[in-house]
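>>> fold the following for me, if possible:
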Amino acid sequence: MERVSEVFLSATVKDTDHERAQYRRLARECLEKGGVAVFLQNHWVLPFAGVVSECRKRVSEASGYFGLFGFRYGWQPVAPGPSITEIEFDSAMERWSRLSHPPVFVFHPTRPSEAASALEEAADGVLAEEFSDEAERARNKAAQAAFVARIGGMGRIVQTFTDQIDFTQRASLAVPLYNGDLLRRNDRVGTRASIPSTELGAIGREEQLKALRRLLVALGERTPALCVVVHGREGWGQQELLDHLAHWPDWSCAGGPRLGRNREDLSALVAWSAVELGHTGPEAALDDLAELAVAACARDNPVLLLQQHGLASLEAFQRGFWQPLQSRILAHMPPRKAQKRLVVVVRHDRPLAEAGPDDAWTLERVAPDVAKLIALPECGAITAEQVQDWLFEQLPLDAAEIGALARRATTDPEGVADGTPHLVYQRLRDALPNWAELAAGDDR
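Next up, the predicted model:
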């Protein structure tokens, strides 16, 4: 697998670049601002006969595919037959068919929404110009709906969006998040990445780590089971902080924390947690998991790190998993003055300030109900000063070099301050490809 650096942008041009729905332009701007080269179909100056072969060639040369689909099927090289956008998508899926995580990013507006209304209105206007027959227009839109439904049926996750702001945020994150996940997978199989995410996750997170230390001290002997939430906007460093916590030296966990992948439902989450706590039999239920947790706490202070809880909301995770689990642990746990504890840390890709007052509780508000989830401070933007402090602890470089690196990591290509975490991480990796050699140096 390779890092995505050039994307083939596939979309029906007339409607997605319409004056009232300029989503294709936004997609290109988001990708290029993130340092990704974009290849557009309308760069070609070819007769119709050469477009299909050229599209397949260009997809084969790109390192990623970005599909933006509205409500118009688009041009069909041979009618009846697939549209050029469908051919492009199928070419991408064929190229990366052997990968479990293909670099294919698909976007379609959710209904009802501002984006869906604008794109459908634009599609209707273009189709009215292209087809005088209303039945032809209806067939074109039906073909597009069937195409999008086919993608969902193939198991592809179509990212939905509601308006231009939502689309900009999601489009900006698609490639950086893929590249970040790729680097983490490479780390696990021994491929040398510039800076491992376990190190990056500490940058600017002193407040979160301090709150976690306070929590473990304040509540460690009050309850045998704690659940902590790492939260923030999607792609704002929650995963990297979780990776850092997987190697955090402050855990009093002899066996080391267990870092899990996304679990799509409650039963899968229970089954994974049980296996990590030593279960070897058939699929476990919550009662089994509680008994395993009690047994584990007799030996150690087990820590489970959940990349995503996989449920519809944090409230569903709390009510369907955490509260019933903790109540069962309390029922099984023999009374003792000093006891070990289970700590569960769950990632939530949404700031809790936006999620509602009942989703989680801050450290100051937790007493006396420790059955509720406890939120760490939100993962926010990273400042140049925070990068600088971290670099001083990591590298034997002088102050001027570290200051320059910190400013570069927190500034966008136009020279504007930008502490968006996933961009800070990527800039640091780009600036320090020889990280391992520098970190191993002895002299400052």
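>>> span of stretch 281-289 from start to end?
12 Å (CA to CA, to the nearest Å).
>>> may I see the buried residues of it?
Using 16 or more other CB atoms under 10 Å as the test for burial, stretch 281-289 gives 284, 286, 288-289. Where you see a C-beta, it was placed from the backbone N, CA and C, and this is true even at glycine.
>>> same check, this time on stretch 424-436
For stretch 424-436, burial by neighbour count (16+ other CB under 10 Å) applies to 424-429, 432, 435.
>>> of those, closest to Ala149?
For the buried residues of stretch 424-436, the residue nearest Ala149 by CB to CB is Gln426; the value is 34.5 Å.
>>> name the SS class of that closest one, please.
Using DSSP: H, G, I helix; E, B strand; the rest coil, the structure places Gln426 in helix.
>>> tell me how far the nearest residue to it once chain neighbours are set aside lies from Trp75.
Spatial nearest neighbour of Gln426, chain neighbours left out: Pro176 (6.1 Å); criterion: CB to CB, 6 or more residues apart in numbering. Pro176 is 32 Å from Trp75, where distance means CB to CB, to the nearest Å.
>>> which one's more surrounded, those two?
The neighbour comparison of Pro176 against Trp75 (other CB atoms under 10 Å) goes to Pro176, with 20 against 16.
>>> pretty sure the more buried one sits against Leu423.
Yes: between Pro176 and Leu423 there is a contact at 6.8 Å, judged by CB atoms under 8 Å.
>>> what residues are shared contacts of the two?
Gly34 (CB atoms under 8 Å, 6 or more residues apart in numbering).
>>> that older thread, residues in contact with the residue nearest to Gln426?
Taking CB under 8 Å, 6+ apart, one finds 34, 235, 422-423, 426 in contact with Pro176.
>>> can you tell me which of the buried residues of stretch 424-436 is nearest Ala27?
Gln426 (18.9 Å).
>>> return the member of the contacts of Pro176 nearest to Arg137.
Using CB to CB, Gly34 is the member of those that lies nearest Arg137, at 36.4 Å.
>>> tell me the phi and psi of the closest one?
Backbone geometry at Gly34, expressed as degrees, to the nearest 10, gives phi -80, psi 10.
>>> and Glu32, by the same measure?
Dihedral angles (degrees, to the nearest 10) for Glu32: phi -70, psi -30.
>>> wait, it touches Val38, no?
Yes: with contacts counted by CB under 8 Å, Glu32 reaches Val38, the gap being 5.8 Å.
>>> if you count what's nearby, which of the two comes out ahead?
Val38 (18 against 13).
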